[in-house]
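Enquirer: Please work out how this folds:
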Amino acid sequence: MDKTYYNRYKSLLEKLNYTYKGYNVKLLVPGYFTFLFSDDAISAREVFKEFYISTQIKDLSKVLDTKSSSVISFLIDRDDYQDLANSVKSIYPDSSIVKLSALPNKKISFLSFSYFKHLAKAFKLIFGRSIGESFMTKLFLVGLLTKLFNQINALEKAQCPENIKRYICFNAAYKEESLLTLYFKNRGIETISMQHGIFCDFKLMIPFDYINFGNMIADKLLCWGQSTVDYLTSKGIDQSRLILMGNPKYKDVTIGHVDQSFTKCLVLLGRAIYIPSNDRLLSLLKEFNKNHNNKILFYIKKHPFLMDVEHKSFASISDNMIFLGREHSVQEVLRSDMVNFTIAVNTTAYYESLALGKISLRWSESENEEFIGMDDKFVNLPEFETKLDEFSQKPEEEVRQEMKDIIKYVFNPQLS
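Expert: Numbering: from 1, shown residues only. You can find the predicted model right below:
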């Protein structure tokens, strides 16, 4: 396994073991460290942007403006994240939901004493320690820490109302939600993070997603399935921190009829690190349709974080390959009759497909995550054709039971 990025991440993290006003910096920075899991160099533009952002911090004190006993937050403005927050609210009804990206900015003057104090503190911390990063990266880190010190200073001035007894965030390991988690923990308020992806071992390299496990700073985690509990306890996490609740978006879903006609497929592409593998899969599917008279209509769904330009050369009506825009959510398509099976590339949408009664085949040519699943993997065209034949001929009840067993263990413990 390639641990190059991981080792770089761990090395920098240990250098940032520094506490300011009760907040350990190394618990706040992981969500900002996507650049450590890439060979791309930090640019002057990114440095300038980070210093500018350090004067335009989110007014996190607005999170405290509630009469409810629980606060639920999510940072990234995505419909599926809002849906997950709404689902958690159904479990904790006396809750307010805050979309952090919608909060107003709090401006801090470059010329203020507190800004200079935080800038000097950040500069001393980064350049006073033997950090093995480029000069540009160090300047970027100075800007980042200046912002974090400004955020801490502003948030610490906010009085936490006595009615707040619980803080539930989308991801306690990521950016402002890490800061808010520590703010509430420092005041003895219960903190909970939502599971939003699968915890698993990695096969080829350790990606940025590792922070979800490595920086699990909330008191408790809302777990989708027993598989999460089993995995995390095997890694040393105390079981008392794990709340088995199922994926709230799919708790009321049952698996009924399983369509085995394999004529309409939703292709769920992987995120940026899988772009080359995505391309090879799309080439394979194009070849399949060429050999089989366009037997399958392929709807291509890019990962939400992929740029629009990626893979666009494969869009072709003549090849029965149609790209779906961002306005069509994965869940929306899976709940419709637009498709009757899916192909997944290193994505947890694999389980969404199974949960909604759609067989999913996994393109595992560059598989990195070790997901629990059915015997549904393929790495080339002959194997793809074999899997189509196997699943089309297997008794429906047998297929449905396999799907239920997987989803009950991973996604929905109450599935009957």
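
Enquirer: so who does residue 37 touch?
Expert: Residue 37 makes contact with 5, 9, 207-208 under the criterion C-beta atoms under 8 Å, 6 or more residues apart in numbering. All C-beta spots, glycine's among them, are computed from the backbone N, C-alpha and C.

Enquirer: Just the pLDDT at residue 329, thanks.
Expert: You'll see residue 329 listed with a pLDDT of 87.

Enquirer: What separation is there between it and residue 78?
Expert: 9 Å (C-beta to C-beta, to the nearest Å).

Enquirer: ditto for residue 5
Expert: Taken as C-beta to C-beta, the span from residue 5 to residue 78 is 25 Å.

Enquirer: Out of these two, name the residue with the larger neighbour count.
Expert: residue 5 (19 against 16; other C-beta atoms under 10 Å).

Enquirer: CA atoms of the host helix or strand of the more buried one as CSV?
Expert: Taking DSSP states H and E as the definition, residue 5 sits inside helix 4-15. Output of helix 4-15 as CSV, limited to C-alpha atoms (Å, rounded to 0.1, in the frame of the first residue of the first chain):
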residue,chain,number,x,y,z
THR,A,4,3.1,8.6,0.9
TYR,A,5,0.2,11.0,1.4
TYR,A,6,-0.8,9.6,4.7
ASN,A,7,2.8,9.8,6.1
ARG,A,8,3.0,13.5,5.0
TYR,A,9,-0.4,14.2,6.7
LYS,A,10,0.7,12.5,10.0
SER,A,11,4.0,14.2,10.0
LEU,A,12,2.5,17.7,9.6
LEU,A,13,-0.2,17.0,12.1
GLU,A,14,2.3,16.1,14.8
LYS,A,15,4.1,19.4,14.2
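
Enquirer: List the buried residues for that helix?
Expert: Buried residues in helix 4-15, counted by 16 or more other C-beta atoms under 10 Å: 5-6, 8-9, 12-13, 15.

Enquirer: could I get the residues you listed as JSON lines with distance to residue 37?
Expert: What follows is the buried residues of helix 4-15, written out as JSON lines (distance: C-beta to C-beta, whole Å):
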{"residue": "5", "distance to residue 37": "4"}
{"residue": "6", "distance to residue 37": "8"}
{"residue": "8", "distance to residue 37": "8"}
{"residue": "9", "distance to residue 37": "7"}
{"residue": "12", "distance to residue 37": "12"}
{"residue": "13", "distance to residue 37": "13"}
{"residue": "15", "distance to residue 37": "17"}
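
Enquirer: Columns distance to residue 299 and pLDDT on top of those residues, output as CSV?
Expert: Listed next are the buried residues of helix 4-15 as CSV, based on distance: C-beta to C-beta, whole Å; pLDDT from 0 to 100:
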residue, distance to residue 299, pLDDT
5, 33, 94
6, 35, 95
8, 38, 96
9, 36, 97
12, 41, 97
13, 41, 96
15, 46, 97
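
Enquirer: now, which of those sits nearest residue 410?
Expert: Relative to residue 410, the closest of these is residue 6; by C-beta to C-beta it sits at 24.9 Å.

Enquirer: Surely the closest one touches residue 208?
Expert: No - the criterion here is C-beta atoms under 8 Å, and residue 6 misses it with residue 208 at 9.7 Å.

Enquirer: what are the ranges of the helices in the stretch 151-300 of the chain?
Expert: Counting by DSSP state H, counting those that start in this stretch, the stretch 151-300 of the chain has helices at residues 175-185, 211-214, 226-234, 275-291.

Enquirer: Tell me which of those lies nearest to residue 397.
Expert: Of the helices of the stretch 151-300 of the chain, nearest to residue 397 by C-beta to C-beta is helix 226-234, at 23.5 Å.

Enquirer: How far does the closest one sit from its chain's centre?
Expert: 18 Å (C-alpha atoms, centre = their mean, to the nearest Å).

Enquirer: Quick one: mean pLDDT for stretch 51-68?
Expert: 96.

Enquirer: what's the first-to-last distance across that stretch?
Expert: Criterion C-alpha to C-alpha, to the nearest Å; first-to-last residue distance in stretch 51-68 is 35 Å.

Enquirer: What of stretch 266-280?
Expert: 16 Å.

Enquirer: in the stretch 51-200 of the chain, which spans are strands?
Expert: For the stretch 51-200 of the chain, the strands defined by DSSP state E, counting those that start in this stretch occupy 56-58, 70-74, 95-99, 105-107, 166-169, 190-194.

Enquirer: Relative to the whole chain's centre, how far out is the third one?
Expert: From the chain centre to the centre of strand 95-99 is a distance of 19 Å (C-alpha atoms, centre = their mean).

Enquirer: Other residues contacting it?
Expert: By C-beta under 8 Å, 6+ apart, strand 95-99 touches 62-63, 66-75, 77, 82, 85-86, 88-89, 168.

Enquirer: ok, now with 10 Å
Expert: Residues from elsewhere that reach strand 95-99, judged by C-beta atoms under 10 Å, 6 or more residues apart in numbering: 60, 62-77, 81-82, 85-86, 88-89, 164, 166, 168-170, 180.

Enquirer: what's the angle between that strand and strand 70-74?
Expert: 20 degrees (axes from the mean of the first three to the mean of the last three C-alpha atoms, to 10 degrees).

Enquirer: Now strand 95-99: buried residues?
Expert: Applying 16+ other C-beta under 10 Å to strand 95-99 flags 95-99 as buried.

Enquirer: cool, and the first one?
Expert: Neighbour-count burial for strand 56-58, counted by 16+ other C-beta under 10 Å, picks out 57-58.

Enquirer: helices or strands next to that strand in the packing?
Expert: strand 105-107, helix 135-156, helix 175-185 (3 or more C-beta pairs under 10 Å, 6 or more residues apart in numbering; DSSP states H and E).

Enquirer: Done for today, thanks.
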